[in-house]
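> how would this look folded up:
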Amino acid sequence: MNGDTMIKNVIINNLFDEEDINIDFSKRSVIITGDNGNGKTTILNIIYNVLVGNYYALYKINFEKAFINFQSDFKYMNEIKIERENNNNFKKMTITYRSKKDSLKIKINASGINSIILVESIERNQEILYNEKYNENLLYNDDSQTVLELLESIHENKFNTKIREINKSLLYFPTYRRIDLDIESYLTNLYEPSMMSFFTRDRSLTKKKFGTIDRRVIGISNTDIEDILREYTRTINEISSQSLDNLLKNFAKNSILGINNEKLEFQFFNFSKRSNILDQLKNINDSLDLGISDEQLTKIAKQFEEKLLFMKKIGENKPESIEEMNEVMNLILSLPMMKVFQNLQELYKKFSQEMNSELESFAYIQENLLDFSGNRLKLNRTELNEFKFSKEGTGVEKFNDFSTGEKQLITFLVYSAIELPKDTPSLIIIDEPELSLHVKWQNKLLKNLLKKDNIKILSATHSPYILNKLEVDSMIVRKQEANER
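Below is the predicted model:
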């Protein structure tokens, strides 16, 4: 299962000046449990901020060292290491990245008085890319500052690309993900629309931060999910248009090049029963909007099958009569068109595979919604590849009309399905996944999210409904209180 795994293990030394943490990621799910206030969220924050390279956030957490070791077959990184030390009024931090062939080391100082961050040096494979003694000082005092932004400022591309790919494979649902929604609903009941725009303008700017650099899903807004689905529609239509364009170009090219072929070769094993041929003809007819009736397509499929059967027959026996000889001549005359159809059939099969691959995200959301809700919640797909929610027995069709728990569930599913890559191993971090979810949904949340094969889940919870009814391969890490150690 290593091919579907990003992280091998995480080590945090001297957390809160008293504890070492070692977390094994060999299972599909890692669950940190313990009482409130004993550091579960801090561990999640360290892991997340090490992965995205948010060194400003890491300065605020009390630990000495942190190591993230990646699986040997993970192509982007082998190890990320954070080392810290205090020196008078300055806190020093060294961030080291190691891939299979390269290494990157960043040394940073932060003032203990006013939290001004100074980048001391950046080295790649022992080559100095930046040094404060020779280059213009890189000073930052912004809690959104990350290694990615730092590397962009000095035009470093090698590790910038690697870290970006890691970030794209990461989602973090912190506990405060529900706050913006609650505040928005509260303010809407108190103020007129003009006042609401004033209260929410800063929040709307913050909402735009989710992307390659910031992978936190915070403040579930009524427009977030609709925006993601709208972008998903655009992506599907672009792929569909491009794939159909390629199909038609290749079809025309192969047909023209095939004119001069001295020998027409047929692969009989590619042709199945007439029902399958008819289905493929209908799919091609619908996709290209050819306007051929079902009756005509059925007749064509039947004739095609009869010719195939006759070809097999004459391959085994010589014609026995003039009638059979005439059939042979008719067959010979129709061979080029049969070859044309075979080319079209093969090209359309490739097109269907590309579309089915892109629609896996839709299938993942739809199947999970039906399973959680007992077939009441649905995500419907229109002919134009637009997506709309519905709830059986109600008039609910929009995301903002669902309950808080339903919104929470939909958010988990949509982000996991669409905002993570299909093939790269990915990690979903969830702090208190039980928030706003019905007990029955808590029981099956992890199992259903993990129906996407290339992801693992790291979560922190004290919900007995999640811990006592685990149906997935999980590693339980119990976070102890200081007086228990």
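> ranges for the helices of the stretch 51-200 of the chain?
Assigned by DSSP state H, counting those that start in this stretch, the helices in the stretch 51-200 of the chain fall at 55-59, 147-153, 158-168, 179-190, 193-207.
> and the second one, what other elements does it pack with?
Pointing back at helix 147-153 there. strand 117-124, helix 158-168 (3 or more CB pairs under 8 Å, 6 or more residues apart in numbering; DSSP states H and E). From N, CA and C alone the C-beta is placed, and that goes for glycine too.
> Sketch out the low-pLDDT regions of the stretch 51-200 of the chain for me.
By pLDDT under 70, the low-scoring segments of the stretch 51-200 of the chain are 88, 112-115, 135-137, 139-144, 176-200.
> now do 90
56, 59-60, 85-91, 109-119, 126, 131-145, 153, 175-200 (pLDDT under 90).
> pretty sure residue 355 is touching residue 239, no?
Yes - contact criterion CB atoms under 8 Å: residue 355 and residue 239 qualify, at 7.1 Å.
> Need phi/psi at residue 413.
Per-residue torsions, residue 413: phi -70, psi -50 (degrees, to the nearest 10).
> Contact partners for it?
By CB atoms under 8 Å, 6 or more residues apart in numbering, residue 413 lies in contact with 364-365, 368-369, 449.
> So which of these sit within helices?
Those of the contacts of residue 413 mapping onto helices are 364-365, 368-369, 449, per DSSP state H.
> returning to what we had before: what's the farthest-apart pair in the contacts of residue 413?
369 and 449 (12.6 Å; CB to CB).
> Kindly present the helices and strands packed on helix 147-153 as JSON lines, with separate columns for distance to residue 41.
What follows is the helices and strands packed on helix 147-153, written out as JSON lines (distance: least, CB to CB, whole Å):
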{"stretch": "strand 117-124", "distance to residue 41": "23"}
{"stretch": "helix 158-168", "distance to residue 41": "20"}
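> Between those, which one is closest to residue 50.
Taking those one by one with CB to CB, helix 158-168 is closest: 10.4 Å.
> list the buried ones in the closest one?
By neighbour count with 16 or more other CB atoms under 10 Å, helix 158-168 contains the buried residues 159-160, 162-164, 166-168.
> any idea how far residue 77 is from the closest residue to residue 78 other than its chain neighbours?
Spatial nearest neighbour of residue 78, excluding adjacent residues (CB to CB, 6 or more residues apart in numbering): residue 98 at 4.7 Å. Residue 98 sits at a distance of 7 Å from residue 77 (criterion: CB to CB, to the nearest Å).
> Looking at the two, which one has more neighbours?
A count of neighbours by other CB atoms under 10 Å puts residue 77 above the other of residue 98 and residue 77, at 23 against 16.
> My guess is the more buried one contacts residue 102. True?
No - under the contact definition of CB under 8 Å, residue 77 does not touch residue 102, with a separation of 10.0 Å.
> ok, back up a step: closest to residue 20 out of the buried residues of helix 158-168?
residue 166 (24.5 Å).
> Surely that closest one and residue 78 touch.
No - between residue 166 and residue 78 there is no contact under CB under 8 Å: 11.8 Å.
> List the buried residues of the host helix or strand of residue 406.
Using DSSP states H and E, residue 406 maps to helix 404-418. The neighbour-count check on helix 404-418 (16+ other CB under 10 Å) flags 406-418 as buried.
> Check stretch 74-90 too.
So, applying 16+ other CB under 10 Å, buried residues of stretch 74-90: 74, 76-78, 80-82, 84, 90.
> Name the residues that touch that stretch?
5-6, 50-51, 58, 63-70, 72, 91-100, 109-113, 162-163, 165-166, 425.
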